[in-house]
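S.K.: what's the 3D shape of this:
(chains A and B)
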Amino acid sequence: GAGVSQTPSNKVTEKGKYVELRCDPISGHTALYWYRQSLGQGPEFLIYFQGTGAADDSGLPNDRFFAVRPEGSVSTLKIQRTERGDSAVYLCASSLAAQETQYFGPGTRLLVL
Amino acid sequence: AQSVTQLGSHVSVSEGALVLLRCNYSSSVPPYLFWYVQYPNQGLQLLLKYTSAATLVKGINGFEAEFKKSETSFHLTKPSAHMSDAAEYFCAVTYWSASKIIFGSGTRLSIRP
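M.R.: Got it, this is the predicted structure:
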């Protein structure tokens, strides 16, 4: 079956702009996660959804970052007033339920100029 | 708090040689441990996971890892390297009731012909 998909695969924006990154989880997966991977580093947790609600958003770096999952399937990560330091690969993962194996998408590579 | 340390950011071995990628963890509760592989421009793929059952865990592509509580280690091995094993490998930790995974900084594996 289809895996986790993320769009766009690449996004170039200018400092100060707003961006949205989309994640389509595996069908039927109730849990969805966002991670950020900076160059040369491992992924860092941002936020976890169980269904429509954010169950853990402790990894969001500041209030410029926000994520939604209004229907319990597709999720959008939103970044306001982007900064050059936001440049990274943003990874989405989903799992059948919490504490189950997480399956990762290919990521969105964000470059803020 | 939980963390993982991967010893060696880059490991190079000859084709057919033993692969050994080192990972040490820190956890105040019984850990769940993972190894993920990331091929260029692809998402993270789960190689294997330890969730408190057998201490020797076998994964895909001929990889295995052994959980050693006394050494707080979870090293990844493969008896004979193939060119197709060249990739970035990440060790990661979580625990039974957690949602987020804590990743190490990764080890890039190169295979010499």
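S.K.: What residue in chain A comes nearest to chain B?
M.R.: Proximity of chain A to chain B (CB to the nearest CB) peaks at residue A:42, 3.3 Å away. C-beta: built from backbone N, CA, C; applies to glycine.
S.K.: Run through the residues of chain A sitting next to chain B.
M.R.: Applying CB under 8 Å from any CB of the partner chain, we find that chain A lies next to chain B at A:3-4, A:31, A:33, A:35, A:40-45, A:48, A:50, A:55-56, A:58-59, A:91, A:93, A:98-99, A:101-107.
S.K.: ok, the nearest residue to residue A:79 once chain neighbours are set aside - contacts?
M.R.: Excluding the flanking residues, the one nearest residue A:79 by CB to CB, 6 or more residues apart in numbering or on different chains is residue A:19, at 5.0 Å. The contact partners of residue A:19, by CB atoms under 8 Å, 6 or more residues apart in numbering or on different chains, come to A:11, A:13, A:78, A:79, A:82, A:110.
S.K.: how far away is residue A:19 from residue B:46?
M.R.: 29 Å (CB to CB, to the nearest Å).
S.K.: Same question for residue B:96.
M.R.: Distance from residue B:96 to residue B:46, by CB to CB: 17 Å.
S.K.: which of the residues in stretch A:35-46 are buried?
M.R.: A:35, A:36, A:37, A:42, A:43, A:44, A:45, A:46 (16 or more other CB atoms under 10 Å in any protein chain shown).
S.K.: so how far is the first residue of it from its last?
M.R.: Length of stretch A:35-46, first residue to last, CA to CA, to the nearest Å: 5 Å.
S.K.: so where's chain A uncertain?
M.R.: A:1 (pLDDT under 70).
S.K.: what does chain B give?
M.R.: In chain B (pLDDT under 70), no residue qualifies.
S.K.: before we move on, the earlier item: I'd like to know which of the buried residues of stretch A:35-46 are part of strands.
M.R.: A:35, A:36, A:37, A:44, A:45, A:46 (DSSP state E).
S.K.: tell me the centre residue of chain A?
M.R.: residue A:34 (3.5 Å; CA atoms, centre = their mean).
S.K.: got the contact list for the closest residue in space to it that isn't next to it in sequence?
M.R.: Counting by CB to CB, 6+ apart, residue A:34 lies nearest to residue A:46, which is 4.2 Å off, once chain neighbours are set aside. Residues near residue A:46 by CB under 8 Å, 6+ apart: A:33, A:34, A:35, A:36, A:57, A:59, A:60, A:61, A:65, A:67, A:77, A:90.
S.K.: Is it possible to mark the buried ones in the residues you listed?
M.R.: Counted by 16+ other CB under 10 Å, those give A:33, A:34, A:35, A:36, A:59, A:60, A:65, A:67, A:77, A:90 as buried.
S.K.: in terms of contact, does the second one touch residue A:90 like I think?
M.R.: Yes - with the criterion set as CB atoms under 8 Å, residue A:34 and residue A:90 qualify as a contacting pair; they are 6.7 Å apart.
S.K.: Need the overlap of contacts for the two.
M.R.: With CB under 8 Å, 6+ apart, residue A:34 and residue A:90 have common neighbours A:46, A:77.
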